[in-house]
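Q: missing the sequence, but the structure's below:
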Ligand code: LRH
Ligand code: MN
Ligand code: MN
């Protein structure tokens with residue numbers, strides 16, 4: 001296989017997971033600008049996700065968020081999974097949610113009250129039941145737990161409580177299932193977050209075992225953090241389970257992946273390629289909200305941005321880079337990386353799409369499809385994603 005053929009093959013087999021909540025209305029805490037035609041049910045979210053996959057060819061799975069995508073019972077989830085399959089999709093990561101109930105004011109699995117901890121654990125275990133019904137491999141855990149004031153609760157005891165809950169969930173996993181632990185620097189807790197960084201997540205996952213992996217949400221770091229270093233390290237330790245891709249300018253902005261800093265996304269994807277992470281062992285998810293822009297084309301654009309970063313990463317001339325690095329030629333090594341980054345990969349990706357039987361420009365194809373007009377006409381009273389409002 002020629003080098004270009006190998007790059008194309010890798011791009012064809014790439015899979016980017018879209019989040020159900022990106023299809024619904026969302027906003028900031030100041031205002032939700034509702035858009036006409038947004039999905040009213042999880043089923044309709046899948047209808048929209050099918051459009052994204054139809055035009056990009058690389059977005060075959062959809063992440064659910066429970067309870068935002070709650071259906072009646074476990075049979076309902078199995079039906080939802082069948083519905084997805086009928087549309088050429090599969091249900092992906094199940095995202096748990098222990099951050100929106102009144103009871104969770106002082107935390108969920110780290111709460112001082114054992115009754116609240118039991119309730120939170122009950123939800124996490126219910127999510128594994130849902131994974132059994134949907135056939136999902138991964139459970140994603142993000143905890144809003146933390147404290148706002150020094151002395152508010154005992155930092156170490158909270159780690160013990162966290163560990164206890166994580167172990168209980170781990171025990172419940174089937175042999176083919178995994179749990180993914182997501183960290184976030186701050187928010188909603190402002191003094192001490194219980195899983196604030198990759199190190200904390202990694203330490204817990206290491207103790208749990210091989211089915212526990214870390215999620216890197218690109219919006220969850222302090223400004224200036226070298227995220228690609230974290231990616232390289234986690235891959236090296238076989239502990240990188242997934243990405244939540246999005247862009248940030250300030251905090252957890254959840255803007256379109258690759259919009260704020262495409263160079264950072266390229267550097268991350270380079271480490272993924274370098275570390276052999278471009279496989280199904282790493283779930284490449286988007287975790288974003290589209291507050292003011294049209295949602296479906298924004299999701300398509302985000303998928304394309306991840307593809308472009310991946311294509312550039314795949315184009316890095318490994319031999320030339322290695323030679324320059326071995327010789328200690330700083331400028332030459334940097335130039336090899338920059339050459340790949342500065343390549344316009346849009347024609348290559350258009351070609352890949354055409355070879356897959358797709359239109360070369362997915363956004364234009366979506367606009368021409370009439371789907372946007374159809375959903376506005378047919379769907380009245382769309383739902384809120386449940387996040388950021
Ligand atoms: C938390 C987070 C986490 C949630 C999602 C909606 O900030 O990144 O992944 O599940 O947002
Ligand atoms: Mn996230
Ligand atoms: Mn987030």
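A: That came through fine. Bear in mind the structure is a predicted one, so any value in this text is a computation, not a measurement. Ligands and ions are numbered 1, 2, ... in the order given.
Q: use CA for all of it now, contacts and neighbours both
A: OK.
Q: contacts only, for the closest residue to residue 372 other than its chain neighbours.
A: Spatial nearest neighbour of residue 372, chain neighbours left out: residue 37 (7.5 Å); criterion: C-alpha to C-alpha, 6 or more residues apart in numbering. Going by C-alpha atoms under 8 Å, 6 or more residues apart in numbering, residue 37 touches 372, 375, 376, 377, 378, 379, 380, 381, 382.
Q: next one: residue 56
A: 300, 303, 304, 353, 358, 362.
Q: and the pLDDT at it?
A: Residue 56 is assigned 98 on the pLDDT scale.
Q: for it, give its distance to residue 14.
A: The gap separating residue 56 from residue 14 is 11 Å, by C-alpha to C-alpha, to the nearest Å.
Q: look at residue 252 and tell me its secondary structure.
A: coil (DSSP: H, G, I helix; E, B strand; the rest coil).
Q: returning to that earlier point: top of the contacts of residue 56 by neighbour count?
A: residue 303 (28 neighbours; other C-alpha atoms under 10 Å).
Q: so that residue makes contact with residue 16?
A: Yes: Residue 303 lies in contact with residue 16 (C-alpha atoms under 8 Å); the separation is 6.7 Å.
Q: spit out the residues that contact the two alike.
A: 58, 59.
Q: could I get the full set of helices for the stretch 51-200 of the chain?
A: 74-86, 114-134, 155-172, 198-208 (DSSP state H, counting those that start in this stretch).
Q: can you tell which of those helices is closest to residue 276?
A: Residue 276 lies closest, by C-alpha to C-alpha, to one member of the helices of the stretch 51-200 of the chain: helix 198-208, at 19.3 Å.
Q: what helices or strands is the helix or strand following that closest one leaning on?
A: Following helix 198-208 in sequence order, the next helix or strand is strand 212-217 (DSSP states H and E). Where contact means 3 or more C-alpha pairs under 8 Å, 6 or more residues apart in numbering; DSSP states H and E, strand 212-217 is packed against strand 178-182, helix 198-208, strand 240-245.
Q: spit out the contact partners of the closest residue to residue 118 other than its chain neighbours.
A: Nearest non-adjacent residue to residue 118, counting by C-alpha to C-alpha, 6+ apart: residue 109, 7.6 Å away. Residues counted as contacts of residue 109 (C-alpha under 8 Å, 6+ apart) are 116, 117, 118, 120, 121, 145, 161, 162, 165.
Q: okay, the fifth one and residue 172: tell me how far apart.
A: Spatial separation of residue 121 from residue 172 under the definition C-alpha to C-alpha is 11 Å.
Q: neighbour count winner among the two?
A: residue 121 (20 against 13).
Q: isn't the more buried one right next to residue 165, touching?
A: Yes: at 6.3 Å, residue 121 counts as touching residue 165 under the criterion of C-alpha under 8 Å.
Q: what's the neighbour count on residue 349?
A: That count, for residue 349 with other C-alpha under 10 Å as the rule, works out to 20.
Q: quick check: phi and psi on it?
A: The phi/psi pair for residue 349 (degrees, to the nearest 10) reads phi -70, psi -30.
Q: for residue 69, what are its contacts?
A: When contacts are counted by C-alpha under 8 Å, 6+ apart, residue 69 is found next to 20, 41, 42.
Q: any idea how far residue 41 is from residue 77?
A: From residue 77 to residue 41 the distance is 13 Å (C-alpha to C-alpha).
Q: so for the two, which sits in the more crowded spot?
A: More crowded of residue 77 and residue 41, by other C-alpha under 10 Å: residue 77, with 22 against 16.
Q: that one contacts residue 64, doesn't it?
A: No: counting by C-alpha under 8 Å, residue 77 stays clear of residue 64, with 10.4 Å between them.
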